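>>> give me coordinates for this.
(one chain, ligands or ions: 2)
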Amino acid sequence: MDDSGIATPTRIIVFDTTLRDGEQSPGAALNVDEKLEIARVLEAMGVDVIEAGFPISSPGDFVAVQRLSQEIRSCIICGLTRARKGDIESAAEALKGAARPRIHTGLGVSDVHILHKLRTTYERALEMGVEAVRYARQFVDDVQYYTEDAGRARPEYLYRVLAAVIDAGATVVNIPDTTGYTSPEEFGALIRGIVENVPNIDRAVISVHCHNDLGMATANTLAAVRNGARQVEVTVNGIGERAGNASLEEVIMALKTRRDHFGVDVAIDTTRLYPISRLVSNLTGITVQPNKAIIGSNAFAHSSGIHQDGVLKERTTYEIIDPKDVGVPDSAIILSARSGRHGLRHRLEELGYTLDEGQFEKVYRRFLEVADKKKTVETRDLEAIVSDEVEVFFKETFHLDHVQVSCGDHSIPTATVQITGPDGTVHCDADHGTGPVDAVYRAINRVIGEPNELIEFSIEAITEGVDAVGRVTIRIRAHEPVNGAVRTIFSGHAADNDIVVACARAYMFALNKLIAARTDVTKA
Ligand code: KIV
Ligand code: ZN
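Numbering: from 1, shown residues only. Ligands and ions are numbered 1, 2, ... in the order given. Okay, here's the model as predicted:
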């Protein structure tokens, strides 16, 4: 209530788990600097809690939680643990420097988790949870408890667990629909049941963590808010284990756009939703489907004549969100080689990029190359150039100087590459393959000799037309485990007017990332 006695809306706490659950997406490994870059944007946009990793799971995760604890000062930094002393000690150690540390511990509550995964009794599982919370409270004041697979648990047992862990000191109780099994009505009712049946629930915040296996993660999260949840766990672009998590942009924009319906506030700078979506997509190598709500490339494209006519007369005829409000850049502004340094700098600033001199010069050089071949450079081309040149958070060991390919329907695809190695030695080599890309990759392998397998390869045209810049995203799997990390998959991306050149650069990107991870744990 405010001073006049009018009910004031509750503010929803936004808990972002892109760097933990999101990073569990197959092949989405992020190194420490990449995590820090994403965390800085999350902090700037006003996210309340950042789940930075699972410290005991790998040296890289430990260092990531440690670095974010030191450098991100206005968010709560959270580290995940199982309900085990070793895990909790590791998280406490990693979180030491945090202004506001939170330990996120817990274990399963459904029959299948207790009987088959944990192979214990309901009573013992409850005791383990209570012991974990008490232990975590010895290190930090803020302890969040997750009841894994709550969506499939018996509500009566769930209520008992929640009451017990709150008594033991949990400040937040997380209700995950771990398998994405529930419907919005069921999940909303589960939260309502918790509000009504857990006697001490007023001493903890109810958080929800929904997976998207049946495409209902966002709807379930919103249903939970309608029924008393006050913290939402989300990831940028909805990435996460299997089909992913509730997506940050969908949940935030649903709560904002339909504030009349949900009756809650969120303190998020929504103009950063599109930029962070691009950043996460570039760094994880997970592309965003064109029809993805809020941030997909078609989210604000009107193709039918009737719709175009309507939007031109009055934007709101077919648009419930102003693209500017989610940071979608105005695509009408285009640049050409004649725009010069000043024009480019101005446009980059408008797009929210702050580049130092060295970065700007690299971007300018690539901009001129593209403008030379394509005449006009659109916003999306520019974003791809910046991402290639600036969003690189590892040392480039090998540099691709030149690539040249010969192919055709009656010739053997052959590629020649020139690569400069770490000691400055210039290597030139050639090979043939089943196609031009295969030939390029074989030629690069002859120089670099890093055993790996190409497991994913995609090409998309960034803009329309035959002169479009092509963007290549690839994933490679290292044959050997890399620096204690569980993951062996590395992504690479590159954009160029010539798609074979883009393929070569993307491969070099992934290889350099892999090599950096071998020598430095924070890059793994
Ligand atoms: O999906 C899940 O249950 C989780 C927990 C660890 C919170 O990710
Ligand atoms: Zn999860």
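>>> in the chain, what helix or strand scores lowest on average pLDDT?
Every helix and strand of the chain was ranked by mean pLDDT, DSSP states H and E. The lowest is helix 305-313, at a mean of 78.
>>> any stretches of the stretch 401-524 of the chain with poor pLDDT?
483-487, 521, 523-524 (pLDDT under 70).
>>> which stretches in it count as strands?
414-420, 426-432, 452-461, 470-478, 489-496 (DSSP state E, counting those that start in this stretch).
>>> got a list of contacts for the least confident helix or strand of the chain?
Applying CB atoms under 8 Å, 6 or more residues apart in numbering, the external contacts of helix 305-313 come out as 302, 317-319. (C-beta placed from N, C-alpha, C; glycine too.)
>>> now do stretch 269-281, average pLDDT.
In this model, stretch 269-281 has an average pLDDT of 95.
>>> who's in contact with it?
18, 22, 37-38, 41-42, 44-46, 236-237, 239, 248-249, 252-253, 256, 286-288, 294-295, 324-329, 352, 383, 387, 391.
>>> buried ones among those residues?
Among the contacts of stretch 269-281, those classed as buried by neighbour count (16 or more other CB atoms under 10 Å) are 18, 22, 37-38, 41-42, 45-46, 236-237, 239, 248-249, 252-253, 256, 286, 288, 294-295, 326-329, 383, 387.
>>> just the residues you listed: which are in helices?
Members of the buried ones among the contacts of stretch 269-281 lying in helices (criterion: DSSP state H): 37-38, 41-42, 45, 248-249, 252-253, 256, 383, 387.
>>> of all the residues you listed, which comes closest to ligand 1?
Leu248 (15.4 Å; CB to the nearest ligand atom).
>>> so what pLDDT did the closest one get?
For Leu248, pLDDT reads 98.
>>> which ones are touching the residue nearest to it when sequence neighbours are not counted?
Counting by CB to CB, 6 or more residues apart in numbering, Val234 is the residue found nearest to Leu248 once chain neighbours are left out, at 4.2 Å. By CB under 8 Å, 6+ apart, the residues touching Val234 are 14-17, 221, 245-248, 251-252.
>>> can you pull out the helices in the stretch 151-300 of the chain?
Here the stretch 151-300 of the chain has its helices, by DSSP state H, counting those that start in this stretch, at 155-168, 184-197, 217-226, 248-257, 259-262, 273-284.
>>> if you could redo that for the stretch 301-450 of the chain, that was the one I meant.
305-313, 340-350, 357-374, 379-390, 436-448.
>>> and the ones you listed: which comes nearest Val205?
Val205 sits nearest to helix 379-390 of all the helices of the stretch 301-450 of the chain, at 36.3 Å, using CB to CB.
>>> and among the helices of the stretch 151-300 of the chain, the most buried is which?
Neighbour counts (mean count of other CB atoms under 10 Å) averaged over each of those peak at helix 217-226, with a mean of 25.
>>> which of the contacts of helix 305-313 lies closest to ligand 1?
Nearest to ligand 1 among these, with distances taken as CB to the nearest ligand atom, is Glu319, at 33.8 Å.
>>> wait, that closest one sits on Ala301?
No: counting by CB atoms under 8 Å, Glu319 sits too far from Ala301 to count as a contact (10.7 Å).
>>> how much space separates the nearest residue to Ile412 once chain neighbours are set aside from Val447?
Excluding the flanking residues, the one nearest Ile412 by CB to CB, 6+ apart is His432, at 4.9 Å. Distance check for His432 against Val447: by CB to CB, to the nearest Å, it reads 15 Å.
>>> check Ala125 too.
Distance from Ala125 to Val447, by CB to CB: 54 Å.
>>> also Lys256?
For Lys256, the distance to Val447 - CB to CB - is 51 Å.
>>> what helices or strands is the longest helix seen in the chain leaning on?
The residue-count maximum for a helix in the chain (DSSP H) belongs to helix 499-519. Secondary structure elements in contact with helix 499-519, counted by 3 or more CB pairs under 8 Å, 6 or more residues apart in numbering; DSSP states H and E, are strand 399-406, helix 436-448, strand 452-461, strand 470-478, strand 489-496.
>>> and of these, who's closest to ligand 1?
Per CB to the nearest ligand atom, nearest to ligand 1 of the helices and strands packed on helix 499-519: strand 489-496, 20.0 Å.
>>> gap between that closest one and the chain center?
Taking CA atoms, centre = their mean, to the nearest Å, the mean C-alpha location of strand 489-496 is offset from the chain mean by 16 Å.
>>> now it: buried residues?
489-496.
>>> give me the phi and psi for the residue lying farthest from the centre of the chain.
For the chain, the largest distance from the centre (CA atoms, centre = their mean) belongs to His410, which lies 44.1 Å off. Main-chain dihedrals, His410, degrees, to the nearest 10: phi -120, psi 10.
>>> quick check: it vs Thr434, distance?
From His410 to Thr434 the distance is 15 Å (CB to CB).
>>> then Arg67?
Counting by CB to CB, the gap from Arg67 to Thr434 is 43 Å.
>>> again, but for Val173
55 Å.
>>> more neighbours: those two, which one.
Shown here are Val173 and Thr434; by other CB atoms under 10 Å, Val173 has more neighbours (27 against 10).
>>> so the more buried one touches Ala150, yeah?
No: in this structure Val173 lies outside contact range of Ala150 using CB under 8 Å: 9.4 Å.
>>> break this structure down into its structural domains.
13-284, 329-389, 399-523 (automatic domain parsing).
>>> just name the most buried of those.
Among the domains of the chain, highest average neighbours (mean count of other CB under 10 Å) belong to domain 13-284, with a mean of 21.
>>> relative to the whole chain's centre, how far out is it?
15 Å.
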